[in-house]
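Student: sequence plus the predicted model coming up.
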Amino acid sequence: MNDSKPFPTKYDFKPVEKKWQDSWTSLGSYKAEENSLKEKYYVLEMFPYPSGRIHMGHVRNYTIGDVVARYKRLRGFNVLHPMGWDAFGLPAENAAQKNNTHPAKWTYENIDYMRAQLKQLGLSYDWSREFATCSPDYYRWEQQLFLEMYEKGLIYRKITTVNWCNTCQTVLANEQVIEGACWRCDELVHPRNMSGWFFKITAYAEELLSDLDALTGWPEKVVTMQKNWIGKSTGLRCDFQVAGLPEAISIFTTRPDTVFGVTFMSIATEHPLLETLIAGTGREEAIRLFVEEIHEEKLRQNIEEEPEKKGLFTGRYCINPFNNEKIPIYVANFVLMGYGTGAVMAVPAHDQRDFEFARKYTLPIVPVVLPEGQILQAQVMETASTIPGKLVNSGSFTGLDSVEAQSAIIEHARSHGFGDSLVTYRLRDWGISRQRYWGAPIPMVHCDSCGIVPVPSEKLPVTLPEDPDISKNECAPLSQRPGFIRTRCPRCDEEARRETDTMDTFVESSWYFARFACSDYRQDPLDRKKSSYWLAVDQYIGGVEHAILHLLYSRFFTKVLRDLGYLDVGEPFTNLLTQGMVIKDGAKMSKSKGNVVDPDQLINQYGADTVRLFSLFAAPPERDLEWNAQGVEGASRFLNRVYRYIISFAEQQGGVAAQTDFASEPSRALHRKMHQTIRKFTFDIENDFHFNTAISAAMELFNTLLLTTDENNAEQAERSVVMETIRNLLVLLYPMVPHFCSEMWSIAGFAQSLDQQNWPAWDEDAAREDLVTIVIQVNGKVRSRIEVESDISAEALEKEAFADENAKRFIAGKPVKKVVVVQKKLVNIVV
RNA sequence: GCGAGAGUGGCGGAAUUGGUAGACGCGCUGGUCUUAGGAACCAGUAUCUCUGAUGUGUGGGUUCGAGUCCCUCCUCUCGCACCA
């Protein structure tokens, strides 16, 4: 501003954005320190997978986070706002394979490129805390945690039917199977029996469920989804003695009140008792064939449609302990081994699946619960009756209501020793074994004499082999790399084999937010002091697509970390904002649709601030954002208008009179609007981060500024008021368009840096309107509008309304039945 | 099928506790300045049979008054889906 060079007529964002980014970097403006007197605030956006370049979804996500970070700094918080890379995963292997390179090289090059992109957006991260999860500096601590969890009995190994993706050549967790297909490649998954490592997330099922109620800062929707996923149900576990054998079959039901309506038993094809049951029945071959057939079918099964219910009599019977009735045992395709006990007492009268099954195989249907005012006749029923009612044909429980019968029946089972109440969860343990290369190695050793032995923590990290063991194929899975596998048993020092499974990449993202508190700590996974200072994350921001997977795993890990003594908190994210997708032409951006918008190109053309402003302005954050090229143009236009106003303001060089006597009406109007804007802007951000309406308020204030300083008007606002308005406008907009506001701040000649300002306060008195527009309605229809003093009394207001010409016309001498007066709003005259 | 959310101009979207429907922006129309303008600025912009009437997916209800509350139906989006 000291040199006399005239300002360009168009805001030249390129040098300006570069200048401020360099300045923030060299000053270390956003470095978070632990020793601060200010209250801490931890804002975090879901870190990206380094796929190559950022997309518009990232731009939106990180812009929202940056506004929160900068806003909270201006509000006087000690803000932690870090960024890192979710860097393990299959795409790196695929890319490496394709380009004959190494996954690490590919990954780190992507990170370098994407980091530069994020810096170009002017995001206020504390880059000193950055890390990539594929670095041994990170995953060695994950391996350490693995060992500690193993020690605590939270990790075990088992053989189960897993979801196998042929394309990815690996196992997937239940959560990673979406509509029967792989979440990453969309290929249909197949069941397969394999042994693998499991995290005992079910040990925390109850806490994961009950703590949801305390997450008041989370969207209802996400809480509900997690509740459903955990899927708690309470009921009766009960043993049915097999006739002629010492074994009993254990069942689980949520409808113990229907136990007298049991007419057969269904067990899963994988039920462990199956072989014992069929032995000696003469039906062995037929059953085995049937089971085989079902398994084949499941392999080919199209997940979209439910297969027809099928079953086969095993040749055995069991005894219903409640009425001593002998019922046939069937093996059936619709019984899941993974839920409950893998065996179901079948009550066709009151369960739709059992009903269909019974009709198909002409098994008896016995109604035992009558809903009020209904009569159930087995012969004519078309569907099962699932509503509660009064019990019939139920021995001593007849006459009881469903609800009371349930507890009475459970109690009966308990006291007679053949059953008890049982809580089951839909949630299963988290299978974390992946059979690939680019992941964190599981720190275990298989020894022929000692069995499975953990790698001692002082021997960590177990690093990924860097050199190819198999020529020209860098991405051979660990299981095909003899150099990695060969090791010595930590216990007996004999030759042994390393575990070749790697951990699911969701493990990395389950605790990265805690590591940000102390990313350079070298003694332990977490520095207890720093992590307890920063955690929990006050505001977490990311896509709703992670509502179950990542957020559930992170909650689980947080509880584990707490129990291992690393954290004080049991929940990782106090407040969660799930932002909507960025769409174009009504569809999600995708290469195949050809509707992808490239952030690089946009930033190049319009600058980071314009892109940021538009993505904040076009929709509230939780909703989908329709990308609109002309809308971006509009955002750019707004900044340019402000720019031109400020350079002309700066060029006028007029001395600022210290007067604030508001000699002119425009001064008063501008001053009032300014205070109203500060109030609205603050509310909009504080309640739900509605930046779109905040920005529109800022635009209104700017429009008022133009209007009240228009030279064509007889009177203009005084320079002191104008200056104060500009000053506050720049502070308000700073979190959204930081480069622009910083530059304008310096052009306008304000002292210090914008970073060091305080968020402006508003004055309720100054924001109050002297005059308000009152609507006059006759019979609820708007007939007129009048301007009155805002503090006018109800009586006077009513009088004014009746004096109004338009109102009089519509009253037209009719008798007035009622008058409703709402101060500062309206008068409704009913005739 | 179950659960959750959403339907407002040509478009994105605004509307404290029920109280001026359409803020702000885009687009469009007309104008000013210009050799020119896809620049900038000014004015207008829900619809119609226009002193008035009609308008927030449909149909009803409550109310002096409903985008907002209640019921019915329709459409769309998302999540779950043989969970006993």
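Tutor: Now that the structure is in, tell me what you want to look at.
Student: for residue A:195, which residues are in contact?
Tutor: By Cβ atoms under 8 Å, 6 or more residues apart in numbering, residue A:195 lies in contact with A:157, A:158, A:159. From N, CA and C alone the C-beta is placed, and that goes for glycine too.
Student: try 10 Å this time
Tutor: A:157, A:158, A:159, A:160, A:162, A:433, A:501 (Cβ atoms under 10 Å, 6 or more residues apart in numbering).
Student: please apply the same query to residue A:501.
Tutor: Contacts of residue A:501 (Cβ under 10 Å, 6+ apart): A:157, A:170-171, A:194-197, A:432-436, A:439, A:441-442, A:444, A:477-479.
Student: what's the end-to-end length of stretch A:316-328?
Tutor: This stretch, stretch A:316-328, spans 6 Å end to end (Cα to Cα, to the nearest Å).
Student: ok, back up a step: would TSV of the contacts of residue A:195 with secondary structure, distance to RNA strand B and pLDDT be doable?
Tutor: As requested, these are exported to TSV (DSSP: H, G, I helix; E, B strand; the rest coil; distance: Cβ to the nearest atom of the strand, whole Å; pLDDT from 0 to 100):
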residue	secondary structure	distance to RNA strand B	pLDDT
A:157	strand	23	94
A:158	strand	18	89
A:159	strand	19	84
A:160	strand	14	77
A:162	strand	15	76
A:433	strand	21	90
A:501	coil	24	94
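Student: out of these, which is most surrounded?
Tutor: Taking other Cβ atoms under 10 Å as the neighbour criterion, residue A:501 ranks highest of the contacts of residue A:195 with 25 neighbours.
Student: which phi and psi does that one have?
Tutor: Here is the backbone geometry of residue A:501 (degrees, to the nearest 10): phi -70, psi 150.
Student: residues near residue A:695, how many?
Tutor: Using other Cβ under 10 Å, residue A:695 has 23 neighbouring residues.
Student: residue A:814 now?
Tutor: For residue A:814, using other Cβ under 10 Å, the count is 12.
Student: residue of chain A nearest RNA strand B, please.
Tutor: residue A:634 (2.6 Å; Cβ to the nearest atom of the strand).
Student: re the thing from before, in strands, which of the contacts of residue A:501 appear?
Tutor: A:157, A:170, A:171, A:194, A:195, A:196, A:197, A:433, A:434, A:444 (DSSP state E).
Student: just give the nearest non-adjacent residue to the last one, would you?
Tutor: Beyond its immediate neighbours in the sequence, the residue positioned closest to residue A:444 (Cβ to Cβ, 6 or more residues apart in numbering) is residue A:499, lying 4.0 Å away.
Student: check contacts around that neighbour.
Tutor: Residues counted as contacts of residue A:499 (Cβ under 10 Å, 6+ apart) are A:157, A:197, A:433, A:441-446, A:452-455, A:462, A:478-479, A:485, A:487.
Student: please give the element, helix or strand, for residue A:578.
Tutor: strand A:573-579 (DSSP states H and E).
Student: from the contacts of residue A:499, keep the buried residues only.
Tutor: Buried subset of the contacts of residue A:499 (neighbour count, 16 or more other Cβ atoms under 10 Å): A:197, A:433, A:441-446, A:453-455, A:462, A:478-479, A:485, A:487.
Student: and of these, the nearest to residue A:626?
Tutor: The closest of the buried ones among the contacts of residue A:499 to residue A:626 turns out to be residue A:433 (Cβ to Cβ; 41.5 Å).
Student: show me the beta-bridge partners of that closest one.
Tutor: residue A:503 (DSSP bridges).
Student: check contacts around it.
Tutor: A:157, A:162, A:170-171, A:173, A:194-198, A:439, A:442, A:499-504.
Student: next one: it from residue A:87, what distance?
Tutor: To residue A:87, residue A:433 is 20 Å away according to Cβ to Cβ, to the nearest Å.
Student: go on, residue A:383?
Tutor: For residue A:383, the distance to residue A:87 - Cβ to Cβ - is 52 Å.
Student: do residue A:631 as well
Tutor: 34 Å.
Student: low-confidence ranges in chain A?
Tutor: For chain A, the stretches flagged by pLDDT under 70 are A:1-6, A:174-175, A:178-180, A:184, A:299-306, A:467-474, A:653-663.
Student: and what about residue A:452, helix, strand or coil?
Tutor: strand (DSSP: H, G, I helix; E, B strand; the rest coil).
Student: who is it paired with across the strands?
Tutor: Where residue A:452 sits in a bridge, its partners, by DSSP bridges, are residue A:446.
Student: counting by contacts, list what the longest helix anywhere in chain A packs against.
Tutor: Longest helix in chain A by number of residues (criterion: DSSP state H): helix A:629-652. With contacts defined as 3 or more Cβ pairs under 10 Å, 6 or more residues apart in numbering; DSSP states H and E, helix A:629-652 has these neighbours: helix A:13-27, helix A:599-606, helix A:608-617, helix A:691-708, helix A:719-733, helix A:738-747.
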